[in-house]
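Student: here are the coordinates; sequence isn't available:
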């Protein structure tokens, strides 16, 4: 029976022939591409630079990896779909978009509300056996996950009145990524969720099509959202995870030495990226304040945590991999 996976393997047969010999015997490095949608100050871009640096140190001369940031080859979803199709060897996408393009739900583990407590906790979980199993599960959709990092804990920005307490969320037209998990979380909180592509958020806020966006500091700065959303409420409800993936057929065509190097480069890039994200959060808060953004603590954050807590158990029942990740995180 022809399956999506076997079809991709067939389509990669020519590429496999070119890498059949060990990399050390190649006259020229293998030209490969990694595309993502973020700009150069965004942690998502830093993750790709760290990945490239580690890969070059592990197997010098094996790859000529070109990184395409800033939506040069498409938005988040287009890059993910191109990597699934094999027209890109690597992609960096938000975990939410990676879930959409692979048809998997295991990356939801990272965004279960209030499960991951801090950036240090994220590093621990991202390098765990439970995370490795989640990355392997993406092969069902044509990708292999190499690393997942936090590109900024999510908070809440509004163009009108600030959100100061739980009741203030009620009915706000709020941009979300149209994933089932996000929809359930934000309907439970009480907003009116609106699914929009990332690149349309600025215009939607500017025109009042939406009232609010759940967002991280890095995206507030990278997309200049501070120009239109002047109130920022600290909730830290979940990380915004970003996953670097490799096309499965391309990966499987490589010698084991190169496969191992690609996997290790993914792991090596996790902590430096998280260190950058944590510092950018701290510095970015100050930058936003200088731009006139008012920053608020949410009164009754424990009330918000309690309201969404049942979702963690509900999602744990959807996959043993999610359940294992939750158990490890809570331990």
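Tutor: That came through fine. Treat the numbers as computed from the prediction; the structure is a model and nothing was measured.

Student: and the most centrally placed residue in the chain, what are its phi and psi?
Tutor: For the chain, the residue nearest the mean C-alpha position is residue 242 (2.0 Å; Cα atoms, centre = their mean). The phi and psi values for residue 242, taken as degrees, to the nearest 10, are phi -130, psi 130.

Student: how much space separates residue 99 from residue 141?
Tutor: 9 Å (Cβ to Cβ, to the nearest Å). Where C-beta positions appear, they are placed from N, C-alpha and C, glycine not excepted.

Student: looking at those two, which is more packed in?
Tutor: residue 99 (25 against 19; other Cβ atoms under 10 Å).

Student: what's the local residue count around the nearest residue to that one once chain neighbours are set aside?
Tutor: Distances taken as Cβ to Cβ, 6 or more residues apart in numbering place residue 107 nearest to residue 99, at 5.0 Å, with adjacent residues excluded. Counted with other Cβ under 10 Å, residues neighbouring residue 107 total 28.

Student: wait, a helix at residue 139?
Tutor: Yes. Under DSSP: H, G, I helix; E, B strand; the rest coil, residue 139 sits within a helix.

Student: quick check: the residue nearest to residue 99 touching residue 241?
Tutor: Yes. Using Cβ atoms under 8 Å, residue 107 is in contact with residue 241, at 6.7 Å.

Student: overlap in contacts of those two?
Tutor: Shared contacts of residue 107 and residue 241, defined by Cβ atoms under 8 Å, 6 or more residues apart in numbering, comprise 95-96, 148.

Student: same list (those residues) but as a markdown table, adding secondary structure, neighbour count and pLDDT.
Tutor: Listed next are the shared contacts of residue 107 and residue 241 as a markdown table, based on DSSP: H, G, I helix; E, B strand; the rest coil; neighbours: other Cβ atoms under 10 Å; pLDDT from 0 to 100:
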| residue | secondary structure | neighbour count | pLDDT |
| --- | --- | --- | --- |
| 95 | helix | 26 | 93 |
| 96 | helix | 24 | 88 |
| 148 | strand | 28 | 98 |
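
Student: other SSEs contacting the longest helix belonging to the chain?
Tutor: Counting residues, the longest helix found in the chain (DSSP state H) is helix 270-290. Where contact means 3 or more Cβ pairs under 8 Å, 6 or more residues apart in numbering; DSSP states H and E, helix 270-290 is packed against helix 43-58, helix 119-126, strand 143-153, helix 217-222, strand 294-297.

Student: still on that earlier bit, who touches the residue nearest to residue 99 in this structure?
Tutor: So residue 107 contacts 95-96, 98-99, 134, 138, 145, 148, 241, 243 (Cβ under 8 Å, 6+ apart).

Student: tell me the one of those residues nearest residue 213?
Tutor: Residue 213 has its nearest neighbour among the contacts of residue 107 in residue 96, at 13.8 Å by Cβ to Cβ.

Student: could you report the neighbour count for the closest residue to the closest one other than its chain neighbours?
Tutor: Excluding the flanking residues, the one nearest residue 96 by Cβ to Cβ, 6+ apart is residue 177, at 4.3 Å. Around residue 177 there are 23 other residues, counting by other Cβ under 10 Å.

Student: number the residues from 657 up from this point.
Tutor: OK, 657 is where the count begins now, so the last one is residue 833.

Student: and the gap between residue 833 and residue 785?
Tutor: Taking Cβ to Cβ, one finds residue 833 at 27 Å from residue 785.

Student: wait, residue 825 sits on residue 819?
Tutor: Yes. Here residue 825 reaches residue 819: they are 5.9 Å apart, a contact under Cβ under 8 Å.

Student: who has more neighbours out of these two?
Tutor: For the pair residue 825 and residue 819, the greater number of neighbours falls to residue 819 (27 against 22), based on other Cβ under 10 Å.

Student: which residues touch residue 841?
Tutor: Here residue 841 is in contact with 769, 893-894, 964, 967 (Cβ under 8 Å, 6+ apart).

Student: what sits opposite residue 902 in the beta ladder?
Tutor: residue 746, residue 800 (DSSP bridges).
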